Structures are given as C-alpha cells and as structure tokens.
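Asks: Fold the following, please.
(chains A and B)
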Amino acid sequence: MIDALRELLGPWYLYIKFVHVTFVMVWVFSTAHAYAYYVVPVFKAWRRNPEDEDVIELRDWVMERFDQGVIMEHVAYPIILITGPLLFIAGGWNSSSDWLMLKLAIVVLITLPIEILDYHLSHFGGAKANIRATGDKEAYEAGIHLHWYFLLYSSPVIMPAALLIVFLAITKFSF
Amino acid sequence: MRAKFSGNPARYRLASTVISAYSVLSVYAAFALIKWGLQDETWVFGWKPLLIVAVLIPLYARFCYRWMMRTDAQYGSGSSWQLVATKVKLPEFNPRKKKAPSQ
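Replies: Residues are numbered from 1 along each chain as shown, chains lettered A, B, ... in the order given. Okay, here's the model as predicted:
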C-alpha cells in the first residue's frame, strides 16, 4: 500500500513540496504583523489602563479583526497536515531521519494542541463576534480574557517551535 | 462593571514552568521513543541528551516567563508606545454581509 502510494506520488514530490512550503510560510507569518503591531500594543494599553472605555473599544475591535485575520493561518494549517505525510511517503523518508522525527514530535505535541484551541477561540465557541451577537457582556469580557491568556501562553511556544520546524526542514539536522 | 483580568506574575511563573516542562519533556520523550523503538538507538537515553533536557527546562521556563511578563506590560519601559485619549469611529467588517441590490 505504502509502496504503491510512493510510486504514485514520487514524481510529484517537488510539486507537493512547493505547496507544503508555501503554506508553511502562510501559517508562520500571516498573522505576525497584526499580532506585533495591533494586538499586542492595544492589549498593553488596556493592561495599563483597564478602565479606559476608548481603549476597551479598540481592544474589542482589534480582537474581533484578529479572529478574522487568522483565517489564512487556519486554512494553511490543514493543508500542511495533509501535504506533510504525502511528502513523507513520496520522499521515502523513515524514522532514521533525526530532523524529521524531531519535527514530527514538535508538530504533533506542540503545534496541534495550540491550533485546535486557536480554531475554537477564533472561529467557533470562543469567537468574539459570535459572543457579542448573544448580547452577554460578561461572556464577551471572559472570552477576551481567555483569548489574551491564550496569546500570552502560546506565543512563547508557537513562535520558537515554528522557527525550529523551518530550521529542521531546511538543514535536515542529524545528531 | 467589567471583570478584572486575573493575570499576574505568580500565575505566569507557574504557567511558564508547566509549559516548559511539557514542551521539552514531551518532545524529548516522543523523539527518544521513536529512535529507540523503531531504530534500536539507545544514545537518546545517554547522559548528554538528559543533561540538555535538564538544562533546557529551566532556561526555557525563564524565557517564557519573561516573554509573558513583557507581552502583558508587567515590565519593560514601553516608552515607544503612546497612549493618547482619542475617540474614533471604528469600521465594521462583515464578509458575509450581502450588498444591497443596485437600482
């Protein structure tokens, strides 16, 4: 079965790699600008002035726009998860490749749980626009707080992890 | 009355420790089990990898803690950010909103 797939996908290896690498770049960098120059500055302003209604209005606006903005990242991620295993099969890779096994461990154990939570917070039950539509202001504030916790806790993990993933994929590092 | 955000340095310190321990140990354990289980390689259980893991956990926890504290404006000068009270009309964006039919 795997051999048949390898034979089928083998000639398409570089094309699949092109799709994979392109969407990895989208996944890694598509929200960087909005995060660094909109979300963090506005949330810092809110944390220093938690009662300022103007800052709170701006905070809510930025958070809801950011929920929309991560759509590109969240379209790219499933494509990476599909093309990654295809590359693994097409390229004839196996567990002897240190870089690949380390990369696989980081993807499954670090990025996957973070992205699942991110999907929930940005598009499903935790999406701020959806909560606002219910008219429940306490739930909305709680949703904003939860998302800020998520960004505080996940950003020092996901950013180095993504960089390490790219480093391992390019250098094909071996111990 | 809005609820106060409950983030504080003690909470971030605990979160950093848990996040660091989980990240380093889980990735190391998965990598070691793959190399040992599928490739019969035992070097992953040697003193050097274990030393790297032991050193990396507190270092990475420290990195995460400082990151969280700075991001949450708990410290750092922040002098490049200005907070000037202004009132602006923020645009609404609804990609699903249909255009009104043209006459």
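Asks: Does B:Q74 belong to a helix, a strand or coil?
Replies: Classification of B:Q74 into helix, strand or coil gives coil, according to DSSP: H, G, I helix; E, B strand; the rest coil.
Asks: ok, it - contacts?
Replies: With contact taken as Cβ atoms under 8 Å, 6 or more residues apart in numbering or on different chains, B:Q74 is in contact with A:47, B:9, B:12. All C-beta spots, glycine's among them, are computed from the backbone N, C-alpha and C.
Asks: Quick check on it: phi, psi?
Replies: Here is the backbone geometry of B:Q74 (degrees, to the nearest 10): phi -80, psi -30.
Asks: quick one: buried residues of stretch A:79-88?
Replies: With burial defined by 16 or more other Cβ atoms under 10 Å in any protein chain shown, the residues of stretch A:79-88 counted as buried are A:79-80, A:83-84, A:86-88.
Asks: Spell out which residues sit in contact with the residue most central in space within chain B, please.
Replies: In chain B, the residue lying closest to the centroid (Cα atoms, centre = their mean) is B:C64, at 6.6 Å. With contacts defined as Cβ under 8 Å, 6+ apart, B:C64 is in contact with A:156-157, B:15-16, B:19-20.
Asks: For the helix or strand encompassing B:L59, what is the distance to the chain centroid?
Replies: When elements are assigned from DSSP states H and E, B:L59 belongs to helix B:47-71. Going by Cα atoms, centre = their mean, to the nearest Å, the spacing between the C-alpha centre of helix B:47-71 and its chain's C-alpha centre is 12 Å.
Asks: mean confidence for that helix?
Replies: Averaged over helix B:47-71, pLDDT sits at 95.
Asks: quick revisit: of the buried residues of stretch A:79-88, which is the nearest to chain B?
Replies: Closest approach between the buried residues of stretch A:79-88 and chain B, by Cβ to the nearest Cβ: A:F88, at 13.1 Å.
Asks: was I right about that closest one contacting A:L100?
Replies: Yes. Contact criterion Cβ atoms under 8 Å: A:F88 and A:L100 qualify, at 7.4 Å.
Asks: what residues are up against the residue nearest the centre of chain A?
Replies: Centroid-nearest residue in chain A: A:E115, 5.3 Å away (criterion: Cα atoms, centre = their mean). With contacts taken as Cβ under 8 Å, 6+ apart, A:E115 has the following neighbours: A:74, A:77.
Asks: Using the three-state scheme, assign it.
Replies: When classified by three-state DSSP, A:E115 comes out as helix.
Asks: In chain A, spot the helix with the most residues.
Replies: helix A:137-171 (DSSP state H).
Asks: next one: chain B
Replies: Max-length helix for chain B by DSSP H is helix B:9-39.
Asks: So which bits of that helix are buried?
Replies: Neighbour counts using 16+ other Cβ under 10 Å place B:12-13, B:15-17, B:19-20, B:23-24, B:26-28, B:30-32, B:34-35 of helix B:9-39 among the buried residues.
Asks: ok, now stretch A:45-58?
Replies: A:45-47, A:55-56, A:58.
Asks: Likewise for stretch B:55-62?
Replies: Of the residues in stretch B:55-62, those buried under the neighbour-count criterion (16+ other Cβ under 10 Å) are B:56-57, B:60-61.
Asks: I'd like the distance between A:Y153 and chain B.
Replies: 6 Å (Cβ to the nearest Cβ, to the nearest Å).
Asks: Report the contact partners of the residue lying closest to that residue once chain neighbours are set aside.
Replies: For A:Y153, ignoring the flanking residues on the chain, the nearest one in space by Cβ to Cβ, 6 or more residues apart in numbering or on different chains is B:A15 at 5.6 Å. With contact set as Cβ under 8 Å, 6+ apart, B:A15 has these partners: A:152-153, B:64, B:68.
Asks: can I get the contacts of B:Q74 in TSV with pLDDT and distance to A:H123?
Replies: What follows is the contacts of B:Q74, written out as TSV (pLDDT from 0 to 100; distance: Cβ to Cβ, whole Å):
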residue	pLDDT	distance to A:H123
A:R47	90	25
B:P9	90	32
B:Y12	94	27
